[in-house]
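*Asks:* when you get a sec, could you give me coordinates for this:
(2 chains)
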Protein chains: 2
Amino acid sequence: VEAWLARVSAAAGVRGVARFGILAPVNLILLDPEDFTAPGCARLLDRRARHVRKILHGAPGAELRVGLVGDRIGTGRIVAMDRASVELRVELHADPPPPSAIRLVLALPRPPVLRRLLAAVTAFGVKRIALLDTARVERSFWQSSQLDQARVEAHLRCGLEQARDTMLPEVTLHRRFTAFLERALPVWLAEAPGVVGHPGAEARCAARPGGPTTLIVGPEGGLLPDEIAALERAGVVPISLGARALSVESAVMVLLGRLGS
Amino acid sequence: VEAWLARVSAAAGVRGVARFGILAPVNLILLDPEDFTAPGCARLLDRRARHVRKILHGAPGAELRVGLVGDRIGTGRIVAMDRASVELRVELHADPPPPSAIRLVLALPRPPVLRRLLAAVTAFGVKRIALLDTARVERSFWQSSQLDQARVEAHLRCGLEQARDTMLPEVTLHRRFTAFLERALPVWLAEAPGVVGHPGAEARCAARPGGPTTLIVGPEGGLLPDEIAALERAGVVPISLGARALSVESAVMVLLGRLGS
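*Replies:* Reported below is the predicted structural model:
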């Protein structure tokens, strides 16, 4: 795996340091305010220091793409490093990429799919994610350690690092379908019209990139007819991707491609 | 995992047999010609028999969605079963879903991504997949056991079972980029104009579902400028998905959503 990371890294993160040969497997190193020891000076101590040393083979003078969580992106030049830490001279000179206008309401998927989707939809630029209980969501999924706040944030950060973004999405958990429909959803729909992926829908999902949209995707087994009906009463339009049944993971990404900017 | 499969199955495969409670986690059971013992009679012996017994909790009378590889789809009613085999009365009465007009040329990804993407793009309906070497494809990926013909076909079959399809895609391996460009690609492009996902491209990927398209997606680190230039000389148009760097896996599915029917 490390060999692969090193290879991938040859393409990605560090610029202007061809002499180091091997560059970043993440596209951006995320900094937190507490990483700063003085204005423009950051010290990496944790996995990111190991990452810079072992994967990037960073050395003083190398320039890394960095971003400050919730803030701008820019470059970090390595000014010093030892086995435990990396000192960066940081310049933040650009805005992160614009967010997607799509919000995602996702029936809580099984943990490995959740993990991958949190990172993937974050990389796509989705800034609002609701994880919802529906009749066909397995109860045990709600006990998964993947739902721990720290784990969720780690997956979101992976997505940000992939897409060179710094703005963490907001993720909320909704264990009561009806309460979500009655309280949270109307607020979302007032700002972004809703569609729900539904294989039985008459309307085929049109490609209309760019507009604010609340995208709802059910669980692997689908939403119940009652659940679809309740969503329709709330003003959500069922849309289909055609005759094929896609996995939840594929359906989310294909629908983002179809609807998203 | 089995609990999850059983749960998912409640939504998917078997119809009209609510008394059995638990239905198919795959959306279709793929049959091969050699499974038929007489016209309309098939016998499952292998993992599919175990699957029907253990996951579907099938019993005589239950109706399963089935399809014959390369042929039509329909139903299989369980007429007998024991610990080792399941006998089905098969009726094939419908065509599989229409194929996608998109062909995919994919820089060979690392094995786990290859596995998931083969299944996902097959489920989407892609019928022609070329796996290509490029400068940034790790040499070791070509030695992966995931490229064994039987493994590849297993992943494709997963995609067919997901999407209730029976038509296996054709997958070809191209270990010489230049040879592919000079010999195979012109034939593809004559039938389906080519686009290549390229973060630096000026043209943003327009949503234009439905048309025949040859979609080219580079490796995790991107295609080299020389490789992009060679593709452009061949008539391929670079397209971008915007400022965000997506993983290969996400990029393929998002581009299929954007371009695909």
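*Asks:* once you drop chain neighbours, what's closest to the residue in the stretch 51-200 of chain A positioned nearest to chain B?
*Replies:* Residue of the stretch 51-200 of chain A nearest chain B, by CB to the nearest CB: A:P97 (3.7 Å). For the C-beta atoms, the positions are set from N, CA and C on the backbone; glycine is no exception. Closest residue to A:P97 apart from its sequence neighbours, by CB to CB, 6 or more residues apart in numbering or on different chains: B:A243 at 3.7 Å.
*Asks:* wait, that neighbour touches A:D95, no?
*Replies:* No: between B:A243 and A:D95 there is no contact under CB atoms under 8 Å: 9.6 Å.
*Asks:* A:L31 against A:R72, yeah?
*Replies:* No: counting by CB under 8 Å, A:L31 stays clear of A:R72, with 10.6 Å between them.
*Asks:* compare these two (neighbour count), which wins?
*Replies:* Remark: of A:L31 and A:R72, A:L31 carries more neighbours, 24 against 14, as counted by other CB atoms under 10 Å in any protein chain shown.
*Asks:* skip the chain neighbours and tell me the closest residue to that one.
*Replies:* In space, and not counting its chain neighbours, A:L31 is closest to A:L68: 4.9 Å by CB to CB, 6+ apart.
*Asks:* contacts only, for that neighbour.
*Replies:* With contact set as CB atoms under 8 Å, 6 or more residues apart in numbering or on different chains, A:L68 has these partners: A:L30, A:L31, A:D32, A:P33, A:V90, A:L92, A:T166.
*Asks:* how about low-confidence regions in the stretch 151-261 of chain A?
*Replies:* Scanning the stretch 151-261 of chain A for pLDDT under 70 picks out A:206-210, A:261.
*Asks:* now the helices for it?
*Replies:* Secondary structure of the stretch 151-261 of chain A (DSSP state H, counting those that start in this stretch): helices at A:177-179, A:185-191, A:225-233, A:248-259.
*Asks:* which elements pack onto the third one?
*Replies:* Where contact means 3 or more CB pairs under 8 Å, 6 or more residues apart in numbering or on different chains; DSSP states H and E, helix A:225-233 is packed against helix A:177-179, strand A:194-197, strand A:237-239.
*Asks:* buried ones in stretch A:191-200?
*Replies:* Buried positions in stretch A:191-200, judged by neighbour count with 16 or more other CB atoms under 10 Å in any protein chain shown: A:A192, A:G194, A:V195, A:V196, A:G197, A:H198, A:P199.
*Asks:* isn't A:P169 right next to A:F124, touching?
*Replies:* No: assessed by CB under 8 Å, A:P169 is found out of contact with A:F124, at 10.0 Å.
*Asks:* between those two, which contacts overlap?
*Replies:* Residues touching both A:P169 and A:F124 (CB under 8 Å, 6+ apart) are A:G159.
*Asks:* how about the residues of the stretch 101-250 of chain A by chain B?
*Replies:* For the stretch 101-250 of chain A, the residues in contact with chain B (CB under 8 Å from any CB of the partner chain) are A:110, A:120, A:123-125, A:136, A:138, A:140, A:162-165, A:207-209, A:219-222, A:242-247, A:249-250.
*Asks:* need the buried ones from those residues selected in PyMOL.
*Replies:* To isolate in PyMOL the members of those that are buried, counting by 16+ other CB under 10 Å, one can use:
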select buried, chain A and resi 110+120+123+124+125+136+138+162+163+164+165+207+209+219+220+221+222+242+244+245+246+247+249+250
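*Asks:* tell me the centre residue of chain A?
*Replies:* Centroid-nearest residue in chain A, with CA atoms, centre = their mean: A:T122, separated by 1.6 Å.
*Asks:* what sits against that one?
*Replies:* Listed by CB under 8 Å, 6+ apart, the contact partners of A:T122 are A:H155, A:L156, A:C158, A:G159, A:L160, A:Q162, A:A163, A:D165, A:L168, A:P169.
*Asks:* mind redoing it with 6 Å?
*Replies:* Taking CB atoms under 6 Å, 6 or more residues apart in numbering or on different chains, we find A:T122 in contact with A:L156, A:G159, A:P169.
*Asks:* how many residues are close by A:D46?
*Replies:* So A:D46, with other CB under 10 Å, has 10 neighbours.
*Asks:* ok, it to chain B distance?
*Replies:* Distance, A:D46 to chain B, using CB to the nearest CB, to the nearest Å: 23 Å.
*Asks:* returning to what we had before: to A:L106, which of the helices and strands packed on helix A:225-233 lies closest?
*Replies:* strand A:194-197 (10.2 Å; CB to CB).
*Asks:* name the strands paired with the closest one and say parallel or antiparallel.
*Replies:* Sheet pairing for strand A:194-197, assigned by DSSP bridges, gives strand A:213-217 (parallel), strand A:237-239 (parallel).
*Asks:* any idea which of those strands is most buried?
*Replies:* Mean neighbours per residue, mean count of other CB atoms under 10 Å in any protein chain shown, is largest over the strands paired with strand A:194-197 for strand A:213-217, with a mean of 25.
*Asks:* show me the contact partners of it.
*Replies:* Strand A:213-217 has contacts (CB under 6 Å, 6+ apart) with A:102-106, A:188-189, A:192, A:194, A:196-197, A:251-252, A:255, A:259.
*Asks:* try stretch A:152-171
*Replies:* Residues contacting stretch A:152-171 (CB under 6 Å, 6+ apart): A:26-28, A:30, A:67, A:69, A:71, A:73, A:96-97, A:115, A:118-119, A:122-123, A:126-129, B:244-245, B:247.
*Asks:* of those residues, just the buried ones, PyMOL syntax please.
*Replies:* Selection command for PyMOL covering only the buried members of these, criterion 16+ other CB under 10 Å:
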select buried, (chain A and resi 26+27+28+30+67+69+73+96+97+115+118+119+122+123+126+127+128+129) or (chain B and resi 244+245+247)
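*Asks:* filter the contacts of stretch A:152-171 down to the ones in strands?
*Replies:* Within those, residues falling in strands by DSSP state E are A:L30, A:G67, A:I73, A:R128, A:I129.
*Asks:* look up which residues are beta-bridged to the last one.
*Replies:* Counting by DSSP bridges, A:I129 forms beta bridges with A:L104, A:V171.
*Asks:* got a pLDDT number for it?
*Replies:* Listed pLDDT for A:I129 reads 98.
*Asks:* same deal with the third one?
*Replies:* Model confidence at A:I73, given as pLDDT, is 97.
*Asks:* now restrict the contacts of strand A:213-217 to buried residues only.
*Replies:* Buried members of the contacts of strand A:213-217, scored by 16+ other CB under 10 Å, are A:102-106, A:188, A:192, A:194, A:196-197, A:251-252, A:255, A:259.
*Asks:* what distance do you get for A:L156 to A:P219?
*Replies:* Distance, A:L156 to A:P219, using CB to CB, to the nearest Å: 21 Å.
*Asks:* oh sorry, the question was meant for A:T37
*Replies:* Separation of A:T37 from A:P219 (CB to CB) stands at 46 Å.
*Asks:* one more: A:A120?
*Replies:* Distance, A:A120 to A:P219, by CB to CB: 17 Å.
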